[in-house]
Structures are given as C-alpha cells and as structure tokens.
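K.L.:
Pasted the sequence and its predicted model underneath.
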Protein chains: 2
Amino acid sequence: MNIELNRGSRIPLARQIKQAIADRILSGYFKKGARLPSVRKLAQSLRVSPVTVIHALDLLETKGLVKRIHGKGTFVYEDENESETEQTEEPTPFPVSDYLHRSQHWYFHQRESEINFSLCAVHPELLPASDLAQSIRQLAMKDPEVLVQYGEIQGDLELRRTMAKNLAREHLALSPQEVLVTNGAQQGIDLVARSFIGPGDLVVTEEPTYTAAIDAFRSRGANLLTVPMDEEGIRIDKLTALLDTYKPKLIYTIPSFQNPTGNVMSAKRRRELFDLARHTNCLILEDDPWSEIFFDKAPPPPIKSLDQSGHVIYLKGISKMLSPGCRVGFLTASGTVLHRLVAAKTHADLGNPLLNQKVILPLLQPENLSSLLKQLRTVLKKRRDTALRLLRHYAPPQIQWTIPQGGLNLWISLPERIRANSLLQEAEKRRISFLPGSSCYPGDPEWNHLRISFSYVDEGQLKEGIQKLCSILSAYLASAESRKGETPLF
Amino acid sequence: MNIELNRGSRIPLARQIKQAIADRILSGYFKKGARLPSVRKLAQSLRVSPVTVIHALDLLETKGLVKRIHGKGTFVYEDENESETEQTEEPTPFPVSDYLHRSQHWYFHQRESEINFSLCAVHPELLPASDLAQSIRQLAMKDPEVLVQYGEIQGDLELRRTMAKNLAREHLALSPQEVLVTNGAQQGIDLVARSFIGPGDLVVTEEPTYTAAIDAFRSRGANLLTVPMDEEGIRIDKLTALLDTYKPKLIYTIPSFQNPTGNVMSAKRRRELFDLARHTNCLILEDDPWSEIFFDKAPPPPIKSLDQSGHVIYLKGISKMLSPGCRVGFLTASGTVLHRLVAAKTHADLGNPLLNQKVILPLLQPENLSSLLKQLRTVLKKRRDTALRLLRHYAPPQIQWTIPQGGLNLWISLPERIRANSLLQEAEKRRISFLPGSSCYPGDPEWNHLRISFSYVDEGQLKEGIQKLCSILSAYLASAESRKGETPLF
C-alpha cells in the first residue's frame, strides 16, 4: 500500500489518509474483518504524527468502515450476517506494495449475474451485427493487409477523418490531426489522468459521477473535489466558491445524460463552466459517452464547441453504440495538450490495433451513423419506457427514480438509511446485479442509491429483473424496518 | 514540467534533476535552442537550494545537453549546422504542466522514411495474411456476435487457455487464470509500471535496453539503475554490488535476444538472477518479445520457469510475429501481483477488444503456431545473413556489429566520438531511418551505437538500405575526420 500524501495541499493530511484507506476498503483490497497496520506503523510509513493517523482512523470509524477494538487494533468492518463469499485471492508470499488506490469499477464488475443491470452497455441484439459482419467480410476480401500492419500511434488517418466529419455535425470543427484514437473511452480518461494529473493534484467532478473515472484519477494520487448538480447540471455557484479556495488542475464533467444520474447540463451552464475554466487556466475533460442517445430532444452542443483556447479535451465514446467488440474511442485536443496525450498513448500501448479501426469505419460514415443511431434511440426509448412503467407498477412507495431523457441508466434512490450495497448481496442471491450508487462518490458516499442500466438486458430480462428487484426491495425494506437501529453497511 | 524528486533516495537530488531535464531534452519536449527556466525558478518550484540546481545544470553542460551563457541563462544545445526541421508543435496558449518525463520511443518513431530500419517489426509480406483473412471470414460467418460483445477484462478465456498450452511448451506451467491479455506487449510493461512503480522507486535494467520500457518506467517517476552485460547476459557481479547499496523494486530484463543488443542470458545467469530477486524480494519483469525467433538453437527456458514464489512477471509478445493488426500480448503472474495487474488493466481500458482476440486465436493453436514460427525463423535467418553479408562487404573498416543468434536487430557500433544521432539526420535526408542507440540508455548514453532492424524491410530495401547507409557512414566518417575537435551532439 503506497499512500501518496500531498503536504502542500489544503486538504488536511488526516482526510487524505482516510480517503486512501476508504478507497482500498471499498475496492476489496482489504478483506472484510482484516486488521489494518498499527497506528505506529502507519505513522512511520507515512511520515506523519500518530495523532494524524488516529484522526484518520476516527473518520473511518465514524463512516462505519472500520471498527477499533481497544488493545487489539483496527479492523475492516464486517457485517456478521454477511453471506457473500469474497473472491479468494491467493496472496503473493512476499510483500509487494502497489499504486492501485481504488478499483471500485473492477470490484463491482467481476461478479456474475443472469440479469445484468450493472453493465452500462447495449444488448448485443440491438447492435448492427450484420453490418459489422459485412464489414469484416469486405476487409477479409479487399484489404486483408490491415491484419499484418501496424497502425499509426495516433490512430488510423481515415478513421480520424471520418470522425472529424461526424464531430462537425455536432458543432465541433476539428481537424483529423486533433483527433486521437483510444482503446475505448476508458483509455481516453486514463490518458488524460496519466498525462496531466499527479499525486496531490486536484480534480473537480460532479457528484455522483462515473466510477471508473474516479478510479483512474484516484490511482494517479489525485484528490477529488466534488460539486453537486441541480436540474441544469453542475452547480456553478458551488464550483465558483470552491475555486476561491482551491486551484484544481482539471474539471471532469459528463454534461449530457450524466453518468449515473442522467442529468443534462444547460447551454448556459456549459458556457459558465467553460468561462470559469478559462479564467482559472484549468483543463476540462468533457466526457460524452452517449449524447446521441436522446429520447426527446438533443442536448445542447458540447462545451468543446465554445473552446478556442484549447482548455477543453473532448472525449467521445462511440463503439459502445455500434460495436463493443471493436472498442474505439476518440480524444480531441490541441497544441501541447494533444501532443502529450499522443506521447502517453505511445507509453500505454503504441496505438490501437488497426483491424478494429478498419472494421468500424464503414459504420461511422456519417449517413450510416445517423441511421444506426436513430434506430438505437427508438428502441432504447422503448426500453426506458418499459422500465419506468414496471417501476411505477411494482416498486414499493418509498422508492424514487429519475426519468432520464437520454443515455442508458436509471438512478434509483432508496430511503436514506437503506444501503444499496447490502441490497446488492440480496439481489445477487437471485442472480441480479446492479451498480451500488456509493461507488459513484469520490468522497463520502451516499449509500442509498443504485444505478440500473436498462440497455444491456433484453426485453424479457428487463421485465423479469425489475419485478424481481422490486420484490427483493420490498422484502428488504420490510426487514430493515424490523432491524431499525442497526446500521448495515457496504 | 513536473519533476518528481525522491528526497529519501540514495541518488543525489542534483542527479535526479539532471536526468529529468535530460530526458525531456532528448524527447524533444524542450526545443533545441530553447531557454530553460532560471536557476531561481527551478530551485523554487523543486524546493531545493539554488546550489543543487546549479550542480544539475553543470552536469547537463558536461554532457553537452545545455549551454550556459553568462547573464543570459541556460539553453538547450543546438547544433549550428543542424538541418533537421523539428516538428512544429503549436503550443497551448496557457501553461499546462504534465507528467510525461521521457518519450524517446515516440520521438524517434514519428519520422517518416522509405527504408525503415528503425521499426522493430516483421515485414507484412512475411506474415500469415491469408491465414488471418481465413480466420476473419470464419468469424464473420460463424461467430459475428464477437463484434457486438464485450470481452472479459482479463482477456478471452479461450485465448488464455490456448496461450497457457503454448507456454507449457516453453516450460511454463501456468493456468489460464494466471494469464492477462494486453493490448500488445507495450501495455504489459506499462501495466507493471503503473501498478508497482512510483516516484523515486528504483528499477534495474540492462544497459542498453528497450527504449519504450525506459520511457514507461521514467514516466512513473522511477529512477533507473543499470547493469552492463557480457556474453552471458546481465553481469551478476555488478548487480550484486548494486544491491549492496540500493533496494530496487523491480528488475526489468529481456533475457533472450535482448533488445537492442541481441544478447542471450545463459541458464546459469537466469538462475542467479532469479535467486537474487527472491532473496531481496524484488520483482522481475521478464520481457520475452521473440525468443522463438532463434537462428541456431533455442535460448534457455524463461526465468519464469524457475519461479515458485511469484517473483517473476513474464511478458510474452506474440502478435508482432503473426498479426501486428491484432495487437495482443500476455502477462503472466500470480496472487496479489496478478490481481493488481488486472485492476490496472481495468483502469487502463476495461479490457482488450474481443474481435482481435478471436481473430488471432486459430493461429495460436499450438500446431499452427509451431509451423508459422518455423517458417518465420527460416526467412528471418536469411534476412540476417543478407544483412551481415552486405555489412561485411560495404561497411567502412571502423564499424563493428553484433552477429545476433535470434531476434530482429543488429547493433552497430561506430568509432567512439561519432554520434549516431547526427548520422541519423544525414540518413533521413536519403529517406533511411534507424534507431540511435543513445535512446536505449536510461542514464548517460553512449552516442556511438545504432540499432537496425533487418526484419521490417523487404529483401530489395535491405540491400539498397545497407549499401546506402554504408556510403553515408563512410562519407560521414571522412567529414568527421576533417572536423576533428568539434563534438557534434545529438
């Protein structure tokens, strides 16, 4: 365990230490019931005073993440009724310290389920399999040499040109030289993190936000500052106040159908956010995983469309909607920022495989893309409607949920003292999975939310799954009523 | 520019600062002729005394990397005869500090050439294009759903099983659960670096070694310690002496047909190296890019075959030999080390595309793989022989070269005061490229070597290229003779 402290930060050391340990507990790096290193050992290895460590442990105990037993030590919280069998990891028989701070995305995605509400993806049946099969047959016939060639590190030029055309339709006038092809959108986030974020750097995010983005920033040793949203997106007043005290390096935002909440940032807020970033010389990473999946009207143009000065790095995921098997994402940036990202891509993997880039290319031709996305919007709108109808019908009355205007997710809120992480254990017994909302919080989580993706299950699973989930929920709420006073945890 | 100093290190701060600036100069981050920040500014931002900065600049000046002009400042060295036009990078109009410390691989691979001796790859004509085309036709017909599905983060299970079978033939008894699929071997190095190496950690490498590995470790803020080789590989006596003073976290080695030198580590040295790592609880990253490309006899079994305790992470590149368009590599490890690598893969990109893994699968079936590799050995041996014959015939007498017993590279040594980086400028005028050996040194480079890969050019280009290169060399040596006293630089 390497905890990277920033001694120059305005964030107190005890809070930095608390967050580092909390992240590891919630990512399963410390087993439930495991003993943490002693106060003296922690203080020594972190070069802080024992008082600071004790303060950090106090904070963890307040949050219910550890139990301190006098004379025995500090233990990771363990629910005694816990039925879950943890994946047993055979430890390496010698000490290896690592730089993986938080891996909640991995932690919650390595589980198996029959009805998968946790994977935020599109069901294979809804994807253009025959177009793709056609594309690879063509390649095999006409252009098999793509299999024996390296592509450019920055990405295939033809693909970048095509993508630049598509982006022009989204009010983004970019040259192919400003586009970098990544191995899925996740790599885009990671390349930005590794290029510009280091230990103690401050990153601002919406709260809640995308789990794997938090993981990527935290694993660079960043401290995350969060800003709440309202119906117009990120709260500019709160952000402005934050910027009075802190000097963040990057603002990470998902302005359209935010993950996990589905929130849409208004055009006005986009402008205000951009202006703030420009005035404080802060980078924006604008993550756009699915703005074209709107159910009513398209969201406002991307923040990047306002950018003349190079403050915005725009990240476009697209293979999720067309071909997850291809895994292609796009980063756009300019000047030094772009060049550093290409260098980082070189370190990371020397470039995407050429095959996939060529396979997906015909589907990205603007006319094809428009028609494929139109079909997808229609069918996903139906899925969303079904999900909402079922919830209205079966959900216990104490439950609330969002009505997303686009994207793939519903954000469900339980009564405040109910923990979605414990509910997940119940759901998994019946082979249903979802994402516990707590994993979407960079700091102290709210425990009573969950995200379900209505797009990766088929129509039958959607119906069966929501009915089952609602019945599990009703039972769980009733039993929670009887267990009042206890505080079940993650 | 973020320079990460380790104040607890046995490596003096001035040397750490010198290396950080040298890496940036040699990666083209500082333009030739550019002024470095002032001593006061550097001292302030690094929180060190001005004396330490001055010492670092002195070291840079001794190495000829900067010029200090009294009253004006410190400037990156610029060769006045320099004809090279640097790629102009439009700077971002606001300051962005980054964590890219060294990118020499990228720096030397973004140039264009007709006769490419710098790309260490196999010429497309030598690769099994028709088998691959057959494989994708089969996929399109029988299994098009791979295009619309996500694979497992750890990699496709069928592929991991097949690879485990192949590795068993190399004396590696591993289960598919111990195999992690990566986006090419480069990602394997990078995943190890990001998981286990952080600012100030010590990494031992052979000297010279693989440029992009140095880049990856340096960009995690590691300090690199180097050990020379003799005809049996890494010098264990020198390594043992090093371990008396330093406590490295990782030893990075390429035991078979080392890149760039072609050196083969003996079985005895492999055992000694493993024992040293085990006794000091140091990880070994064993990089095996092409051990199956031997021209006479196979190299000794991998170091990993000795490993019962999980100290060795074994990295196998294979798509280079079969299908660069697929970009598939394999990391093998166990216990906590493996789990951390899978978590890192999650952060990096959520897993390889499934398509490529399925396309390459039939070629990796043990019988197919054996026969494909056998063919490749035969044809590459011929290439090597041609290259050696031409060198014997055309090279000026002052030049020396290795006679590699496997792999893809020749390592050529010029007279000591001749700089291969300057020679590259001459070669590029005639559209020939090679890798300047200086990029293979983690610390102070030797300037008089170059690496040429005889595998990526076709037979005609090989002949033309070596003849031309030799004539450029002869002319360059003659003119260097007349310029004696000057010291042309990188």
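P.N.:
Yes, it's here. Residues are numbered from 1 along each chain as shown, chains lettered A, B, ... in the order given.

K.L.:
only C-alpha atoms for contact and neighbour calcs from this point on.
P.N.:
OK.

K.L.:
Which of the three states applies to A:Leu243?
P.N.:
Under DSSP: H, G, I helix; E, B strand; the rest coil, the three-state class of A:Leu243 is helix.

K.L.:
again, but for A:Leu372
P.N.:
If you use three-state DSSP, then A:Leu372 falls in the helix class.

K.L.:
dump the residue contacts of it.
P.N.:
Residues near A:Leu372 by C-alpha atoms under 8 Å, 6 or more residues apart in numbering or on different chains: A:Pro128, A:Leu322.

K.L.:
The one 4 residues further on too?
P.N.:
A:Leu376 sits next to A:Leu126, A:Ile293, A:Met321 when contact means C-alpha under 8 Å, 6+ apart.

K.L.:
Select from these every entry located in helices.
P.N.:
A:Met321 (DSSP state H).

K.L.:
Run through the contacts of A:Leu376 and flag the ones next to chain B.
P.N.:
Near chain B, taking C-alpha under 8 Å from any C-alpha of the partner chain as the test, no member of those is found.

K.L.:
could you redo the contacts of A:Leu376 as CSV and give each row pLDDT and neighbour count?
P.N.:
Listed next are the contacts of A:Leu376 as CSV, based on pLDDT from 0 to 100; neighbours: other C-alpha atoms under 10 Å in any protein chain shown:
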residue, pLDDT, neighbour count
A:Leu126, 93, 17
A:Ile293, 96, 25
A:Met321, 91, 23
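
K.L.:
can you list the contacts of A:Leu376 in TSV and add distance to B:Ala420?
P.N.:
Listed next are these as TSV, based on distance: C-alpha to C-alpha, whole Å:
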residue	distance to B:Ala420
A:Leu126	56
A:Ile293	54
A:Met321	49
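
K.L.:
Report the separation between the residue nearest to the spatial centre of chain A and chain B.
P.N.:
Per C-alpha atoms, centre = their mean, the C-alpha nearest to the average position across chain A is that of A:Tyr210, at 2.4 Å. Applying C-alpha to the nearest C-alpha, to the nearest Å, the value for A:Tyr210 to chain B is 12 Å.

K.L.:
How about A:Thr211?
P.N.:
10 Å.

K.L.:
cool, A:Thr261 as well?
P.N.:
Distance from A:Thr261 to chain B, by C-alpha to the nearest C-alpha: 22 Å.

K.L.:
Please enumerate the strands of the stretch 251-400 of chain A.
P.N.:
Along the stretch 251-400 of chain A, the segments classed as strands by DSSP state E, counting those that start in this stretch run A:283-288, A:312-317, A:329-332, A:400-401.

K.L.:
quick one: which of these is nearest chain B?
P.N.:
Each of those has some distance to chain B by C-alpha to the nearest C-alpha; the shortest is strand A:283-288, at 8.3 Å.

K.L.:
for that closest one, packing partners?
P.N.:
strand A:250-253, helix A:267-279, strand A:312-317 (3 or more C-alpha pairs under 8 Å, 6 or more residues apart in numbering or on different chains; DSSP states H and E).

K.L.:
relative orientation of that strand and helix A:267-279 in degrees?
P.N.:
Here the directions of strand A:283-288 and helix A:267-279 differ by 150 degrees (axes from the mean of the first three to the mean of the last three C-alpha atoms, to 10 degrees).

K.L.:
If you drop the residues flanking it in sequence, what lies closest to the residue of the stretch 201-350 of chain A found nearest chain B?
P.N.:
The minimum distance from the stretch 201-350 of chain A to chain B, using C-alpha to the nearest C-alpha, falls at A:Gly325 (4.2 Å). Once flanking residues are discounted, A:Gly325 sits nearest to B:Leu147: 4.2 Å by C-alpha to C-alpha, 6 or more residues apart in numbering or on different chains.

K.L.:
cool, A:Glu152 as well?
P.N.:
A:Gly351 (6.6 Å).

K.L.:
circling back to that earlier point, pipe the strands of the stretch 251-400 of chain A into JSON lines and attach mean neighbour count per row.
P.N.:
Below are those laid out as JSON lines (neighbours: other C-alpha atoms under 10 Å in any protein chain shown):
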{"stretch": "strand A:283-288", "mean neighbour count": "24"}
{"stretch": "strand A:312-317", "mean neighbour count": "24"}
{"stretch": "strand A:329-332", "mean neighbour count": "26"}
{"stretch": "strand A:400-401", "mean neighbour count": "17"}
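
K.L.:
want to throw the ones you listed into TSV with mean pLDDT?
P.N.:
Listed next are the strands of the stretch 251-400 of chain A as TSV, based on pLDDT from 0 to 100:
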stretch	mean pLDDT
strand A:283-288	98
strand A:312-317	97
strand A:329-332	97
strand A:400-401	97
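
K.L.:
I'd like to know which of those strands lies nearest to A:Ser433.
P.N.:
strand A:400-401 (17.3 Å; C-alpha to C-alpha).

K.L.:
which element is the residue nearest to A:Tyr476 when sequence neighbours are not counted on?
P.N.:
In space, and not counting its chain neighbours, A:Tyr476 is closest to A:Leu423: 7.2 Å by C-alpha to C-alpha, 6+ apart. Using DSSP states H and E, A:Leu423 sits in helix A:420-429.

K.L.:
quick one, helices of the stretch 101-250 of chain A?
P.N.:
A:104-109, A:129-142, A:157-169, A:184-196, A:211-218, A:236-245 (DSSP state H, counting those that start in this stretch).

K.L.:
ok, the residue of the stretch 201-350 of chain A closest to chain B to A:Asn183 distance?
P.N.:
11 Å (C-alpha to C-alpha, to the nearest Å).

K.L.:
coming back round to it: I'd like the helices and strands packed on strand A:283-288 as JSON lines, with distance to chain B appended.
P.N.:
Formatted as JSON lines, those follow (distance: least, C-alpha to the nearest C-alpha, whole Å):
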{"stretch": "strand A:250-253", "distance to chain B": "10"}
{"stretch": "helix A:267-279", "distance to chain B": "9"}
{"stretch": "strand A:312-317", "distance to chain B": "11"}
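
K.L.:
most neighbours per residue, which of these?
P.N.:
The highest mean neighbour count among the helices and strands packed on strand A:283-288, using mean count of other C-alpha atoms under 10 Å in any protein chain shown, belongs to strand A:312-317: a mean of 24.

K.L.:
Off-centre distance for that one?
P.N.:
14 Å (C-alpha atoms, centre = their mean, to the nearest Å).

K.L.:
partners of it in the sheet?
P.N.:
strand A:283-288 (parallel), strand A:329-332 (antiparallel) (DSSP bridges).

K.L.:
contacts for the last one?
P.N.:
For strand A:329-332, the external contacting residues (C-alpha under 8 Å, 6+ apart) are A:174, A:178-185, A:187-188, A:313-319, A:338.

K.L.:
Restricting to C-alpha, output that strand in CSV.
P.N.:
Output in CSV follows, covering the C-alpha atoms of strand A:329-332 (Å, rounded to 0.1, in the frame of the first residue of the first chain):
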residue,chain,number,x,y,z
GLY,A,329,-12.9,5.9,-28.6
PHE,A,330,-11.7,9.4,-29.6
LEU,A,331,-9.9,12.1,-27.7
THR,A,332,-9.8,15.6,-29.2
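
K.L.:
Many thanks, I have nothing further to ask.
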